[in-house]
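1. Provide a 3D model corresponding to the input given below.
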Amino acid sequence: MDPMDIIGKSKEDASLPKATMTKIIKEMLPPDVRVARDAQDLLIECCVEFINLISSESNEVCSREEKRTIAPEHVLKALQVLGFSEYVEEVYSAYEQHKLETMHDLSKSVKWGNGAEMTEEEALAEQQRMFAEARARMNGGATAPKQPDPEQRFSLATTKG
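-> Next up is the predicted model:
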């Protein structure tokens, strides 16, 4: 039985982005080495199979512990069980680095796609304004009046007095 049949997905459903994988392959090799397209495809297939293997074993480890969610510890244990103990330290280090970066990203202010940064309070105010505009559109097509930013409100208040 094909491992892909176990989880109910076809080979087309379980793939990795070719452009990303090609970039990784090229970064790992000297600049003067070329890799045939068939070899790249084979490497990508190997990566998918490796991920399936680690995922399946992680699920087994998780089940043995009577847990319902695969945790990073289950993945590390799966690596050991499958004979990849030499990678556990590096994988754990990458996981710790990911946690640090994630925590750092959460502690920073919200950054929008256009590069603008907002504090949490500003983001909440913007969200409320957008909700109000959406409600207004839903209730008759009108948009809510755009509120001036806090600095403008302050300067308006001080000039009126």
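
2. got the domain boundaries for this protein?
-> For the chain, the TED database gives the domain ranges 11-83, 86-115.

3. S55: how many residues sit nearby?
-> 17 (other CB atoms under 10 Å). (C-beta placed from N, C-alpha, C; glycine too.)

4. which stretch of helix or strand covers it?
-> helix 37-64 (DSSP states H and E).

5. Would you mind confirming that L79 is in contact with E89?
-> No. Using CB atoms under 8 Å, L79 makes no contact with E89, being 10.1 Å away.

6. between those two, which one's more packed in?
-> Counted by other CB under 10 Å, L79 and E89 do not tie: L79 has more neighbours, with 21 against 10.

7. Report the buried residues of whichever strand or helix holds that one.
-> For L79, the host element (DSSP H and E) is helix 72-81. Across helix 72-81, burial judged by 16 or more other CB atoms under 10 Å covers 74-79.

8. Pick out the most distant pair among these.
-> Farthest pair in the buried residues of helix 72-81 (CB to CB) is H74 and L79. Separation: 10.0 Å.

9. Residues that sit against both of L79 and E89, list them.
-> Common neighbours of L79 and E89, counting by CB atoms under 8 Å, 6 or more residues apart in numbering, are absent.

10. Tell me which helix or strand K26 sits in.
-> Applying DSSP H and E, one finds K26 within helix 18-28.

11. so what secondary structure elements neighbour that helix?
-> helix 37-64 (3 or more CB pairs under 8 Å, 6 or more residues apart in numbering; DSSP states H and E).

12. how big is the angle separating the helix it packs on from helix 72-81?
-> 110 degrees (axes from the mean of the first three to the mean of the last three CA atoms, to 10 degrees).
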